[in-house]
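*Asks:* Next input, structure requested:
(chains A and B)
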Amino acid sequence: MDPKIWEPRAILGKSLALIEKTAAGLDHLDHWNFPTDSSDAARKLLLQTLQTLETPAKLVPMDPSVLYNRLFSIQALAELVARSSTHHISWPLVSYCDQIWHTLFGDTGPKIFYSLTPEHNYSILRFSAMLGRHLNGLLPNADISALLRDNDLYCLQLASSEDYNLPLYANIGHEFGHAIFDHKEAELRKLLAANVETILNSIYSDLDAKDPDQATRRAKRVVWAILGFAKELFCDLVGAMLMGPSFLVSLYEISWAQNKDTWTISLSPYDQAIRAYPSFHFRLSCIRKWSEVDSFCADAQQASKRLGIARLIEIAEYLQGIPIRHDSDSLNVGPDSDGDSNIVKEVVTKYRTRLKQGLDAFLSECATEMKNWYRLPLPCVSAYPVAELLQRLEHRILPNVIPDETLLGKPATFAAILNACALYRLHLLADVKVESSAGLARDTAIIERLTAKAFEVSFIQTKYNNWSGT
Amino acid sequence: MSVLNRADIKERMSEKDYTKKLLVTPLLTEGQIGPASIDIRLGSSIIIPKKTYVERQDVTDLKNVRQVEERLYDQRRLKYNSKFMLHPNQLILGVTFEYVSLPFDIFSVIMSRSSWGRLGLVVATAAAVQPGYKGCLTLELVNLSESPIALYPGLPVGQLVFHEVTAKGEKVLYAGRYDCPTEAGLPKFFSNEADKELGFWGSVPE
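*Replies:* Numbering: from 1, shown residues only, chains lettered A, B, ... in the order given. The predicted structure follows:
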């Protein structure tokens, strides 16, 4: 028989088996183990998608090879849902994150569910948009829109390699920044354009002087790169506003063993796929400013006198000592095989100082807009409760309650617990002496589990207080 | 060794110095403090021993102990609105919602609360909490009744009774194998020097 005739049928058969297998896997997931309800929304969306795909009327016009190929991508999304389990994800932590998400997006906005990634870092994925892309060309646009309507779903992937590394959870604030950027992109682009327009004009003039035929195309690529820098810095701003100084500690820890003073641009034949990251030193300097570290440290001095904790000043000094000088930053543009890499490097490097100023001004305006757009409690944390919790950690006591005149105390906030834990942990690590480091792993593990438990009980205590009216 | 009453408990809990403070946290309501005890709640972490291919539980045999640790237990984290059905004669390990820190002169005992005891629920078989202990307490929950008992995290199933230890100037603090635990913990045989003798008792020369 001619394979041209039977091969498409065989591929279609394999695809149908794959649809059935993926749907069965999703159907058998234990809903009780989802850390929050939105994981089930993701599960149902995928099940509905698979049902639509196997409808005979929809199958007929599909190219079996394309269907087969896309099903692997849909399977990867199904695996994300399967990894959304309380076995590995602390539901009190993500419940707190859900509260923050709700403050940002309300009842009618996008939903988020939580999963794991084997990577060291955290990432956020617009789950429903990704699914839409996989369905593009397979189903009519009207069907895709019907499936995704009322299903704007994000997936936050937590680093499984840092399963118990709770202080790094401050990075979640940065990831939420990406979702805000998606929803306020037009406004944010306007702000950016206003702040970097003159720089872009200068860059265009330079490119035009070098090669007028290529100037517009190259300038476009530079614009995408600058947008990349701005997006990353905006997410850092959100992280700093939501998580306070713990985000500085968190990003600082992520930067360890990495080059901290290089800005990078990764060019791509597709402009939208151009990736660009500012240097860690520049990012840390912005985060230090927006997480209001200096006023936090000044308050810490006062709190430390009031509570009699000399150690607090020492811990605040670590925060202020995090390196942020970025005057010797350099730029790396790749890949070398891209004919524009040298020119892009040259022009962006030339206007580097002005670009930093423009980005800084952009962030200032974003901070103002963030306060207009959302009802964020700012600053998210003050030194006094953190000092109280640090004192408890020092005595190996759960950092869950801020003492008051009652025996019950006030449940500590998510930000206070996170910041106390991050600062105390940094101090533990930085204070280590090689000759007497035995027990350090045990000590850091204690801090991490005290933090996890504190998240849990403070969350429940707050719920209980709301219920009982206390 | 006297038992602390409500006034004593409150006084010891109001102490500012964490090294002297009696701490049971969080208390969701002052009503948890009884005439001579504090009610404690079930936390979210549980360990379920399962029927599996473990030959036996023999604590004198290190290899067997490690095999049991690896194969026998299923660790779970319950959400606060989800129930766990404890079947007749079933043993699970739970954890207290509260974190406890005892000063050097307080000894504590965990007990079932009477109403739960009448249902057939036993919350702790190893009930002593030593002076200086810090951490959540692992509960050994057993259903001695004829029907399943629904357990939800947060339910006040047990109570702590506190005794003042006559210290006579000497501070002897807990330095055991459980280090600030916050989740239900597995038994830890062969984790300290004293356990070396376990092997001896399994092979005493004739």
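
*Asks:* quick one, what contacts residue 77?
*Replies:* This is for chain A. By C-beta atoms under 8 Å, 6 or more residues apart in numbering or on different chains, the contact set of A:Leu77 is A:42, A:46, A:127, A:130-131, A:134. Using the backbone N, CA and C atoms, a C-beta is placed for each residue, glycine as well.

*Asks:* Not quite, go with chain B.
*Replies:* Going by C-beta under 8 Å, 6+ apart, B:Arg77 touches A:86-87, A:90-91, B:44-46, B:183.

*Asks:* From these, list just the buried residues.
*Replies:* For the contacts of B:Arg77, a burial check counting by 16 or more other C-beta atoms under 10 Å in any protein chain shown picks out A:86, A:90-91, B:44-46, B:183.

*Asks:* Narrow those residues to those in strands?
*Replies:* B:45-46 (DSSP state E).

*Asks:* Any stretches of chain B with poor pLDDT?
*Replies:* B:1, B:167-178 (pLDDT under 70).

*Asks:* what residues does it put near chain A?
*Replies:* Contact residues (C-beta under 8 Å from any C-beta of the partner chain) of chain B with chain A: B:10, B:13-14, B:18-19, B:23, B:25-30, B:33, B:43-44, B:76-77, B:79-80, B:82, B:97-99, B:101, B:134, B:136, B:154, B:179-183.

*Asks:* Those in helices, which ones?
*Replies:* Counting by DSSP state H, the part of the residues of chain B next to chain A found in helices is B:10, B:13-14.

*Asks:* can you redo these as CSV with neighbour count?
*Replies:* Listed next are those as CSV, based on neighbours: other C-beta atoms under 10 Å in any protein chain shown:
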residue, neighbour count
B:Lys10, 14
B:Met13, 17
B:Ser14, 13
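
*Asks:* Quick check: of those, which lies closest to chain A?
*Replies:* B:Met13 (5.5 Å; C-beta to the nearest C-beta).

*Asks:* any chance you could map the helices in chain B?
*Replies:* B:6-14, B:62-71, B:114-119, B:196-202.

*Asks:* Figure out which of these is closest to A:Leu191.
*Replies:* Comparing the helices of chain B against A:Leu191 with C-beta to C-beta, the closest turns out to be helix B:6-14 (52.4 Å).

*Asks:* ok, now which ones touch the residue nearest to A:Ser85 when sequence neighbours are not counted?
*Replies:* Using C-beta to C-beta, 6 or more residues apart in numbering or on different chains and skipping the chain neighbours, the partner closest in space to A:Ser85 is A:Asn33 (4.6 Å). For A:Asn33, the contacting residues are A:85-87, by C-beta under 8 Å, 6+ apart.

*Asks:* now do A:Cys297
*Replies:* Applying C-beta under 8 Å, 6+ apart, the residues contacting A:Cys297 are A:316-317, A:319-320, A:383.

*Asks:* my read is it is in a helix, agree?
*Replies:* Yes - assessed with DSSP: H, G, I helix; E, B strand; the rest coil, A:Cys297 lies in a helix.

*Asks:* and the gap between it and chain B?
*Replies:* 24 Å (C-beta to the nearest C-beta, to the nearest Å).

*Asks:* What degree of burial does A:Ala129 show, as a neighbour count?
*Replies:* Per other C-beta atoms under 10 Å in any protein chain shown, the neighbour tally for A:Ala129 reads 14.
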